[in-house]
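*Asks:* build me a model from this:
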Amino acid sequence: MTKTIVAVIGCGTIANSAHIPAYVANEGVEIKYFCDIRKERAAKAVEQYGCGTAVEDYRVILDDPEVAAVSICTPNNVHASIAIECMRADKHVLCEKPAARTYKEALEMQKVQHETGKTLNIGVVNRFNKGVNIIKQMIESGELGELYHVVVSFRSHRSIPGLGGDFTTKAVAGGGALIDWGVHFLDIVMYCAGDPQPKTVSGQAYSKLGKDMPNYAYLNMWAGPPNLEGSYDVDDFVTAMIRTEGPSITVNGAWAQNIGVDEMYIDFLGDKAGIRLQYGKEFTLYSAKHGSLLESTPKYLQNNAYQEEIDQFIAGIHSGEKLPSHIDTVILSSQIIEAIYHSSEEGREISLLEQGVLG
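*Replies:* Here you go, the predicted model:
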């Protein structure tokens, strides 16, 4: 069997924990390039995985006709530009979440995907999670009745990543807790609810606990250590109300809050039954029957969602199948996130019905 030649652009945490191992485990794939502006990270990947060539400039990949597909695992500020160049160079693309820093950038990515016909999937990996897909099937089959509202909570005590680095610099990341964590939670809701068109958004984003960087207290810091010479101009707490053509959605999310309780769940409220999904874990079904209240926690064989995502990406390149993570569906989350930020900045509700989304 002829193998699909791929390249990984950006060799940081998500590449090494998810993308690269999944490609290595796929017998139909050969990794030809590891690319990173810090060449030592690319070289480390070559040594660790025993394949490929380390390069600093992704344009080497663009010029190689053997490369059929790329994973983009870079900071958010170059997602759009690299994805667009790759598609125009005849490469299929899996770009890590979020699609881009802004809705405008995401729309341009979508436009180029339509022009080139190349695959453009976004790394909303929960769409490949077995538990999430069971919930989606339960909603579609009517087991919850009318899904009228969804509650989203992603709140942590003190979990700002890499204080003063890329994650906390708006020009690089596009935002903070909302665009980093919130994109996953909102995408699960949209996916399970059938990707309903958002109508209005009202939100408020706060940048509070991380602004005084020298005095920010914490127990651990992923993507650290802190860089006190860097920037902190992103949100560490966000709240929002979203109306869609399906259910309404409320959101409360925080990288950091002065409450020492973490909450990572989604509540799907139907008029026949409800579901609480603990993010990354199992879910519980609540219902009533014969005058009694019922509670059950379904058991199922968990899957490796990242492996499923990569395997379906590669298979879809050859079959032409449009996956649930295609830019045409995922772009709704970009639209909602930007509207929340605009609502916060302008102090008013934002209508989305007039904004353009390509079909």
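
*Asks:* can you tell me how far the closest residue to Gly142 other than its chain neighbours sits from Glu146?
*Replies:* Spatially, and ignoring its direct neighbours in sequence, Gly142 is nearest to Lys272 (7.7 Å; CB to CB, 6 or more residues apart in numbering). (Glycine included, C-beta is placed from N, CA and C.) Lys272 sits 8 Å away from Glu146 when distances are taken as CB to CB, to the nearest Å.

*Asks:* the protein: helices as residue ranges?
*Replies:* Under the criterion DSSP state H, the chain carries helices at the ranges 13-14, 20-25, 39-49, 59-62, 79-88, 103-116, 130-140, 170-173, 177, 183-192, 305-319, 327-346.

*Asks:* so how far is the shortest one from its chain's centroid?
*Replies:* The chain centroid and the centroid of helix 177 are separated by 12 Å under CA atoms, centre = their mean, to the nearest Å.

*Asks:* same check on the first one?
*Replies:* Mean-position distance between helix 13-14 and its chain equals 13 Å (CA atoms, centre = their mean).

*Asks:* residues making contact with that helix?
*Replies:* 73, 96, 123, 223 (CB atoms under 8 Å, 6 or more residues apart in numbering).

*Asks:* most neighbours, which of those residues?
*Replies:* Neighbour counts for the contacts of helix 13-14 were taken using other CB atoms under 10 Å; the highest belongs to Gly123, with 28 neighbours.

*Asks:* can you tell me, leaving aside adjacent residues, what's nearest to it?
*Replies:* Glu96 (4.1 Å).

*Asks:* next one: Gln113
*Replies:* Using CB to CB, 6+ apart, the closest residue to Gln113 is Leu120 (4.0 Å).

*Asks:* could you tell me how many residues sit around the one you found?
*Replies:* When neighbours are counted by other CB under 10 Å, Leu120 comes out with 25.

*Asks:* hang on, Gly174 packs against Ala99?
*Replies:* No. Contact criterion CB atoms under 8 Å: Gly174 and Ala99 do not qualify, at 10.1 Å.

*Asks:* ok so, going back, now the residue nearest to Gly123: how far from Ser325?
*Replies:* Taking CB to CB, one finds Glu96 at 11 Å from Ser325.

*Asks:* what do the two both touch?
*Replies:* Counting by CB under 8 Å, 6+ apart, the residues touching both Glu96 and Ser325 are 122-123.

*Asks:* give me every residue that touches Val29.
*Replies:* Residues in contact with Val29 (CB under 8 Å, 6+ apart) are 3-4, 6, 23, 310, 314.

*Asks:* that one bridge partners, please.
*Replies:* Thr4 (DSSP bridges).

*Asks:* just to revisit the earlier point, specify the beta-bridge partners of the residue nearest to Gln113.
*Replies:* Residues in beta-bridge contact with Leu120 (DSSP bridges): Val93.

*Asks:* could you give the number of residues near the residue nearest to Gly142?
*Replies:* Quick note: Lys272 (other CB under 10 Å) scores 13 neighbours.

*Asks:* was I right about it contacting Gly145?
*Replies:* Yes. The pair Lys272 / Gly145 is scored as a contact, 3.1 Å apart, by CB under 8 Å.

*Asks:* so where's this protein uncertain?
*Replies:* 1, 354-359 (pLDDT under 70).

*Asks:* please report phi then psi for the nearest residue in space to Ser156 that is not next to it in sequence.
*Replies:* Excluding the flanking residues, the one nearest Ser156 by CB to CB, 6+ apart is Asp262, at 4.9 Å. Asp262 adopts backbone torsions of phi -90, psi 140, taken as degrees, to the nearest 10.

*Asks:* quick one: contacts for Asp262?
*Replies:* Counting by CB under 8 Å, 6+ apart, Asp262 has contacts 155-157.
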